[in-house]
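[1] Predicted model, plus sequence, below.
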Amino acid sequence: MEIAASDLVRMIAAVADDLETNKDELCRLDGLIGDADHGIAMALGFGAARDAVTALGPEAEPSAVLNAAAKAFLSGVGASCGPLYATALMRAGASVKGKARLDDGDAVALLRGMETGIRDRGKAEPGQKTMLDAWAPAASAAEAALSAGNDLPQCFDAAVMAARDGAEATRQMVATKGRAERLGDRSLGHVDPGAASAVMVIAAMARALPA
Amino acid sequence: MEIAASDLVRMIAAVADDLETNKDELCRLDGLIGDADHGIAMALGFGAARDAVTALGPEAEPSAVLNAAAKAFLSGVGASCGPLYATALMRAGASVKGKARLDDGDAVALLRGMETGIRDRGKAEPGQKTMLDAWAPAASAAEAALSAGNDLPQCFDAAVMAARDGAEATRQMVATKGRAERLGDRSLGHVDPGAASAVMVIAAMARALPA
Amino acid sequence: MRTKKIVNAGDHAVDEMLDGILAAHSGHLARVAGTKRAIVARDGPRDGKVGLVIGGGSGHEPTFVGFVGRGLADAAAIGNVFASPPPDPILACTQAVNGGAGVLYMYGNYAGDVMNFDMAAEMAAMDDIEVRTVLTTDDIASAPRDRRDSRRGVAGNFFIFKVAGAACDRMLDLDEVERIARKANAHTFTMGVALAPCSLPQTRRPNFEIGAEEMEIGMGIHGEPGVARGPLEPADSIVDEMMDRILAEMAPAKGDRVALLVNGLGATPLMELYIMNRRVRQRLDDAGIGVHATWVGNWCTSLEMTGASVTCMHLDGELTAFLDHPCDCAMFRVG
Amino acid sequence: MRTKKIVNAGDHAVDEMLDGILAAHSGHLARVAGTKRAIVARDGPRDGKVGLVIGGGSGHEPTFVGFVGRGLADAAAIGNVFASPPPDPILACTQAVNGGAGVLYMYGNYAGDVMNFDMAAEMAAMDDIEVRTVLTTDDIASAPRDRRDSRRGVAGNFFIFKVAGAACDRMLDLDEVERIARKANAHTFTMGVALAPCSLPQTRRPNFEIGAEEMEIGMGIHGEPGVARGPLEPADSIVDEMMDRILAEMAPAKGDRVALLVNGLGATPLMELYIMNRRVRQRLDDAGIGVHATWVGNWCTSLEMTGASVTCMHLDGELTAFLDHPCDCAMFRVG
Ligand SMILES: Nc1ncnc2c1ncn2[C@@H]1O[C@H](COP(=O)(O)OP(=O)(O)O)[C@@H](O)[C@H]1O
Ligand SMILES: Nc1ncnc2c1ncn2[C@@H]1O[C@H](COP(=O)(O)OP(=O)(O)O)[C@@H](O)[C@H]1O
Ligand SMILES: [Mg+2]
Ligand SMILES: [Mg+2]
Ligand SMILES: [Mg+2]
Ligand SMILES: [Mg+2]
């Protein structure tokens, strides 16, 4: 399978749509251990990203699409997820720099690029009850699936499943990063909203892969 | 029957007790067409009156008891019912001035004195949906009962019944005095809280008449 | 289920509040000796100056006590929550601020306040203190225009007291102060809405019931019902309804100027008040009316009621000068 | 069932609020040209002065935008409700206030703000503007004492920004301003409680659930849960719990002095805040601590959250002088 810039545009639009749909549920989750705005910020960010990439000309390369999304996300949102996803998208863009179309390996590298961006910006490690607890296993699962000879949809499916398990696992974690850090044990029993939205992001990307 | 100063003290204490008990209900009524504080003010006022008259020496005359109650009410409360009841008690005191004990006629005159005080201070007429709509028929009913040859408990019973009917009739009235005046038709259907408390005042006095 | 409040015994709330106010603002305020609820300005009352006494029930803070200070009110008599003070503290204020030039009473037009202040004025007369009274009646929703005198006073107190206090501070005589106070009142127009009730510290129960999608239009500041109930509208529609009525009453000419107060009733965030102010300004701009000054905040509250009011004071040169005159109160400063 | 608010579209609330703020306070505030959410003081930034940029999410008004003005912050970058501003408006503020002596960023210690301000600082470095950052961490309930640096900033911002702004206004250099700002933060101690939640204009749903008889202890200012939940106590007990912890951390000597802030979170009436202040003073009096100055009111809010916090700034001569230094902001004035 090959992913063109126009496919990336469609994937980002799919993410934006799903987050818009799930905005309220993400706010509800954030209300339990945070400040109830995560859905708003994510929908705003990917909405801005979608608008920016949709406005690009057909000559834009994949990395240009991801950079445009990163910039729009960064200036459109703020909050915690703004710098995190902006950096993720920027790093994803860097990971596919110079390519006109992405092959399966590039697409999996893109996922890892996003994960690295989040890790670099947030300075979190897995286990601290953040979105990284979805992104890190997702990137690894996609890589493992690719090494095992699977095709890209299968790699993405593996990523989605790993993200979902990772998000679910945050329930058992005590937050030591982000706003929930001050809650101590009171953060137990709740899914991290950033991990929950990460599942939605990856799942929407998977769904919108070119057929 | 004869009413001594000590009986008046007991009657005032009975009023204070009943208002304390019914404070919440009066606040609720006031909440519907006013500012929800009528029970607080009435309980406070008669409570202050009770404390003041209980502290009087045994040599105090009935008019002195009523004057002391009036002063305590006046400085203890404020609101609308403060000046109204303070003036009522002052006028009642004036109406029995110089008497060491009150006979039936004096006691009925005392009720009329209270009514006159409220009327003078508030410049209301019956029909304006105020406490006067209980006090005016009550005083008249007591006078009529006395002329018809009834004893004092019967006169007070007549007053209570007339007050109750009068209060009930305020439901059908549009307020044109007091805080509820600005409501216009929205005051319809609700009993005036001052009329409701007037019933309690008169009923408690009746109950505490000397046996 | 009791409403939630940070209080001790409900019956002590007012006196404990005043203790807290005097602790915080001892540079501005003091109790009149021997009283609990007569609060006088440390700097303000003086010989030859008309004394300004304001007052009313508690629960509207910073109105009234917060407006006591140099250039504004000389003293405030404080009642129970939503209850006029009795004559005693009013009289104590009167005596404390009497500088031989007479004393002006100013307060909202409520039956209870009128009776208590009038009784105090009668007592003051026995001390040979000349007292005049100017009632505030700025709530345009509370009675039709031809019965302006039976309207109640609400947030417009802010402007009306301010102007009168400035007139006193400039040592004008009682006639002149009274004229200016009446003029300030006549030029001030308020309309409010409430979204959710307050509750008294003693009852700890909502003062009224209101539906989840409703608002009360033309609400008073004691939780009294307003003139009508309607569905909760967007901010711009609410403001439009207020401004339609205010502009119709005020009948300004193009180029006229106003002072603005967008007032919160206690539980409405500044965010919402400023969103309202945006629309107020659009409406005034459209009508060609200039804005001399704007205050936005909780200036005349109704405990924790949710809602807001808009007040316009229709200015001329005289009112503007008095409004701009400096004042220095515990909770309000100009200049 | 949606919570009740006076708003138009929830997504427009912040920009409409800023429109309303700029309309009301055009004498104090302006947008940085070409931006929507970078607000700069009309009088403040100047050559040779360290520029002070503050900022954070909306919903805390008058924090942050109300503290922009001569003698305090030079500019504020405004985010969505409870959301850090992105780097763009922070950078625009930085450029607007740069007087060649460096720029200080001050804001509450939240992950989102740190990431966005740090990105802005990196961009400013590319413009050769030297930026330093001092985070506020006054919320003593948010982490143990040995992890002071991971505490969050809450109402104590009021004092900390004020002192730093004064240091800038006195034209001290960046090292000195930074030292004083850090000292101000280290000397400031806040603890809060919440009784009822706020709701965002977009969600119109309570940010958290809380029982009818409960309070949240050690609450943040975004509706985040606090450190514990307990039964609602009388005012004096609540204050005692706060003051026990504040005094234990502050460890004042007899005769020391503090500045006090009794802060409402948005929907708590002044009456309750002053009742709290009464008890705060009793506790300080008992401990032999003097009070230099007291502010009581809604200074750092969380939309319409019900609740309050107490902040003590432990003063010495230097902090006192900076606290007393005049400032003139749209929503806060000293001197
Ligand atoms: N340092 C970090 N590294 C990775 N993820 C983080 C970090 N800090 C916060 N997050 C994520 O951000 C999410 C919250 O995002 P959001 O609600 O948009 O921001 P805010 O906390 O500023 O309101 C958390 O649920 C968590 O997953
Ligand atoms: N002018 C008046 N004459 C007689 N009664 C009056 C008058 N004004 C008000 N009242 C009575 O006072 C009652 C309200 O008393 P209260 O709640 O104590 O005072 P407030 O209205 O000041 O809160 C009304 O229900 C009415 O019966
Ligand atoms: Mg959040
Ligand atoms: Mg009442
Ligand atoms: Mg009342
Ligand atoms: Mg947030």
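    Arrived safely. Numbering: from 1, shown residues only, chains lettered A, B, ... in the order given. Ligands and ions are numbered 1, 2, ... in the order given.
[2] Check which residues of the lengthiest helix in chain A are buried.
    Determined from DSSP state H, the single longest helix within chain A is helix A:5-33. Of the residues in helix A:5-33, those buried by neighbour count under the rule 16 or more other CB atoms under 10 Å in any protein chain shown are A:5, A:7-20, A:22-23, A:26-33. Heads up, the C-betas are built off the backbone N, CA and C, glycines and all.
[3] And for stretch C:224-236?
    Buried-residue list, stretch C:224-236, by 16+ other CB under 10 Å: C:224, C:225, C:226, C:227, C:229, C:232, C:233, C:235, C:236.
[4] next one: that stretch to chain centre, how far?
    Distance, stretch centre to chain centre, for stretch C:224-236: 21 Å (CA atoms, centre = their mean, to the nearest Å).
[5] neighbouring contacts of it?
    With contacts defined as CB atoms under 8 Å, 6 or more residues apart in numbering or on different chains, stretch C:224-236 is touched by B:32-35, B:179-180, B:182-184, B:186, C:141-142, C:192-195, C:208, C:210, C:213-220, C:241, C:272, C:275-276, C:279, D:4, D:6-9, D:16.
[6] The buried residues of helix A:5-33 also near ligand 3: which ones?
    residue A:30 (CB under 5 Å from the ion).
[7] ok, back up a step: save the buried residues of stretch C:224-236 as CSV, and put in secondary structure and distance to ligand 6 too.
    Shown next, in CSV, are the buried residues of stretch C:224-236 (DSSP: H, G, I helix; E, B strand; the rest coil; distance: CB to the ion, whole Å):
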residue, secondary structure, distance to ligand 6
C:224, coil, 39
C:225, coil, 38
C:226, coil, 36
C:227, coil, 40
C:229, strand, 35
C:232, coil, 26
C:233, coil, 28
C:235, helix, 23
C:236, helix, 27
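[8] Turn these into CSV, including pLDDT and distance to residue D:133.
    Converted to CSV, these look like this (pLDDT from 0 to 100; distance: CB to CB, whole Å):
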residue, pLDDT, distance to residue D:133
C:224, 76, 51
C:225, 74, 52
C:226, 78, 49
C:227, 79, 53
C:229, 91, 51
C:232, 97, 42
C:233, 97, 43
C:235, 98, 36
C:236, 98, 39
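[9] Which member of those residues is positioned nearest chain A?
    Distance to chain A across those (CB to the nearest CB) is lowest for residue C:235, with 19.0 Å.
[10] one step back: mind picking the two most distant members of the buried residues of stretch C:224-236?
    C:224 and C:236 (26.3 Å; CB to CB).
[11] Which residues of the stretch 51-200 of chain C lie near ligand 5?
    C:82, C:83.
[12] just the strands in the stretch 51-200 of chain C please.
    C:51-58, C:69-70, C:75-81, C:103-108, C:131-136, C:188-196 (DSSP state E, counting those that start in this stretch).
[13] Can you check which of those gets nearest to residue D:181?
    Nearest of those to residue D:181, taken as CB to CB: strand C:69-70 at 32.9 Å.
[14] In contact with the nearest residue to residue C:191 once chain neighbours are set aside, which residues?
    The spatial neighbour of residue C:191 that comes closest, neighbours along the chain excluded (CB to CB, 6 or more residues apart in numbering or on different chains), is residue C:242 at 4.4 Å. By CB under 8 Å, 6+ apart, residue C:242 lies in contact with C:191, C:192, C:193, C:309, C:310.
[15] Quickly list the domain ranges of chain C.
    Domains of chain C are assigned by automatic domain parsing as C:11-186, C:188-322.
[16] From ligand 1, how far off is residue A:66?
    Distance of residue A:66 to ligand 1, given as CB to the nearest ligand atom, to the nearest Å: 19 Å.
[17] Low-confidence bits of chain A, can you list those?
    Chain A contains no residues with pLDDT under 70.
[18] residues from it in reach of ligand 3?
    A:30, A:34, A:35, A:37, A:38.
[19] Kind regards, and thank you for your time.
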